[in-house]
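Student: okay, here's the prediction I keep looking at, along with the sequence it came from:
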Amino acid sequence: MVSAPANQKEHDFLTVHEEEGTEQVLKFLTQRRDTRNQLKFNLVLASTTLSDLDNISAAGKDSESRRLTPALDAEALCHSLENLPVSLPVSPAGVTSPVVLTKAALTFLEPKLEIVDAGSFKQPAVMHRRINDEVAKYPTQSDLGRALDRKLVTDLFEQGLNDSRNGEELELIAECVPGGTTSAALVLALTNLESDSSIRMPPEKLASYCSSSLLGAKSQKISFIREQLDFLETSRGKALPELVSQCLRDPLEAISLAGDTMQAYAAGYLLGRASKGQTTILAGGSQMIAVYRIASLLTKPELLATNSLIATTKYVALDKEAKVKDLAAKNKAPLVSVDPHLKNSVHQGLRAYEQGHVKEGVGAGAACLMAYTLAKISGEELLEEIDKTYGSLTVALSPGQ
């Protein structure tokens with residue numbers, strides 16, 4: 001790994017995979033002064049029926065609650081600590097949403113916050129823009145035989161392009177999509193050249209597309225991805241290498257076949273900003289690698305690499321099972337790992353992140369990176385605020401969280 005810039009504590013963040021321009025972007029962040037209120041934080045909400053399946057998503061304790069997670073996370077992020085919703089999303093193991101980390105990190109900044117609902121089951125009860133009413137479906141469950149209508153994907157992508165026209169110099173794109181790591185794995189499988197080598201990808205290759213999963217459920221996730229790819233081969237009448245070839249020529253087709261609405265909108269937004277040379281931080285693991293991959297196939301890859309990077313928590317980036325470093329390298333996506341220092345938290349519910357629970361979401365890793373670089377705070381200061389925020393956010397929950 002490449003260490004962080006010399007003026008930043010090495011243990012706060014690390015470069016996991018470097019592309020040309022990564023050092024330049026980090027330097028841009030660390031050298032900015034008195035510009036906390038010039039950051040725009042875009043949270044893109046979306047839903048997919050993938051979240052209804054057990055052992056696919058940790059963004060909610062059960063299928064019903066996972067349908068509410070995007071709305072609840074957006075509400076928690078927007079409300080003050082004194083005026084919070086009664087409940088927060090929790091994982092099947094009872095671990096509270098990473099919105100806690102995001103909200104704490106943003107207290108050190110003054111971001112312009114925008115919530116974009118790209119198609120969720122339930123709209124948040126806070127100010128937002130609803131740009132689509134459709135949710136994605138996994139291929140075998142969809143009447144279309146694909147996740148999304150192809151025209152809708154194009155429309156959302158163009159909406160992202162249009163919305164990027166009036167952007168700030170520095171912006172962060174975050175997501176909340178229960179089931180999104182699985183739709184990302186499918187999109188990455190459909191846009192990766194390695195897929196050309198075999199009609200049936202072996203489990204170890206499929207596993208390389210998964211940056212996170214529920215503890216002990218990875219084999220089920222891999223089997224599910226294999227099932228969806230098999231279905232696409234049969235329903236499209238094309239072997240996987242042919243599908244991959246088609247998606248490499250037309251990347252938005254990969255999203256239509258197996259992706260989600262956040263990917264379409266965010267890819268357009270990222271591409272629009274890159275074309276103007278504006279700096280964009282993508283917040284997440286494999287979901288943002290998939291967004292980056294789609295955008296890179298639609299432009300010169302070096303255009304993205306010189307002014308954007310992906311930031312995620314160390315719980316995703318350093319997960320030995322996930323191999324997200326290899327995933328980033330395979331897709332030539334610059335990736336930074338951020339340490340929120342939760343192993344030292346006073347709350348067991350936060351220390352659980354160190355054991356592989358939840359890991360990332362709602363822009364947690366990137367928000368922490370912004371606090372470290374723009375606000376110049378230490379890991380100790382950040383953890384203190386995270387602990388404080390967690391205490392306030394979980395006051396209505398059962399003791400011991």
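Tutor: Nice, I can see it. Keep in mind it's a predicted model, so treat the numbers as computed, not measured.

Student: any weak-confidence spans in the chain?
Tutor: Low-confidence segments of the chain (pLDDT under 70): 1-11, 33-37, 59-61, 81-95, 194-218, 357-358, 395-401.

Student: the same query, at a cut-off of 80, please.
Tutor: 1-11, 32-38, 55-63, 80-97, 193-220, 319-323, 355-359, 393-401 (pLDDT under 80).

Student: residue furthest from the geometric center of this protein?
Tutor: Distance from the C-alpha centroid of the chain peaks at residue 237, with 31.6 Å (Cα atoms, centre = their mean).

Student: please report the distance of that one from residue 146.
Tutor: 13 Å (Cβ to Cβ, to the nearest Å). C-betas here are computed from N, CA, C, even on glycine.

Student: mind giving me the packing neighbours of the helix or strand containing residue 386?
Tutor: Taking DSSP states H and E as the definition, residue 386 sits inside helix 379-393. Counting contacts by 3 or more Cβ pairs under 8 Å, 6 or more residues apart in numbering; DSSP states H and E, helix 379-393 packs against helix 99-106, helix 348-351, helix 364-373.

Student: buried stuff in that helix?
Tutor: Burial within helix 379-393, assessed by neighbour count using 16 or more other Cβ atoms under 10 Å, is assigned to 379, 382-387, 389-390, 392-393.

Student: tell me the helix or strand right after whatever helix or strand residue 327 lives in.
Tutor: Using DSSP H and E, residue 327 falls within helix 324-330. Once helix 324-330 ends, the next helix or strand along the chain (criterion: DSSP H and E) is strand 335-338.

Student: now do that following strand: which elements does it pack against?
Tutor: Using 3+ Cβ pairs under 8 Å, 6+ apart: strand 335-338 touches strand 13-17, strand 308-313, helix 314-317, helix 324-330, helix 364-373.

Student: ok, back up a step: so can I have CSV of the buried residues of helix 379-393 showing distance to residue 116?
Tutor: Conversion of those to CSV gives the following (distance: Cβ to Cβ, whole Å):
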residue, distance to residue 116
379, 31
382, 26
383, 30
384, 31
385, 26
386, 25
387, 30
389, 24
390, 26
392, 26
393, 23
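
Student: and which of those residues is nearest to residue 141?
Tutor: residue 393 (33.7 Å; Cβ to Cβ).

Student: so the closest one makes contact with residue 101?
Tutor: No - Residue 393 lies out of contact with residue 101 (Cβ atoms under 8 Å); the separation is 10.6 Å.

Student: contact partners for the residue nearest the centre of the chain?
Tutor: Nearest to the geometric centre of the chain sits residue 284, at 3.3 Å (Cα atoms, centre = their mean). Going by Cβ atoms under 8 Å, 6 or more residues apart in numbering, residue 284 touches 174-175, 310, 312, 360-361, 363, 365-366.

Student: next, the closest residue to residue 121 other than its chain neighbours: phi, psi?
Tutor: With Cβ to Cβ, 6 or more residues apart in numbering as the criterion, residue 121 has its nearest non-adjacent residue at 4.1 Å, and that residue is residue 67. Dihedral angles of residue 67 (phi, psi; degrees, to the nearest 10) stand at phi -70, psi -20.

Student: count of neighbours near residue 67?
Tutor: 19 (other Cβ atoms under 10 Å).

Student: looks like it contacts residue 47 (just checking).
Tutor: Yes - with contact defined as Cβ under 8 Å, residue 67 reaches residue 47; the gap is 6.6 Å.
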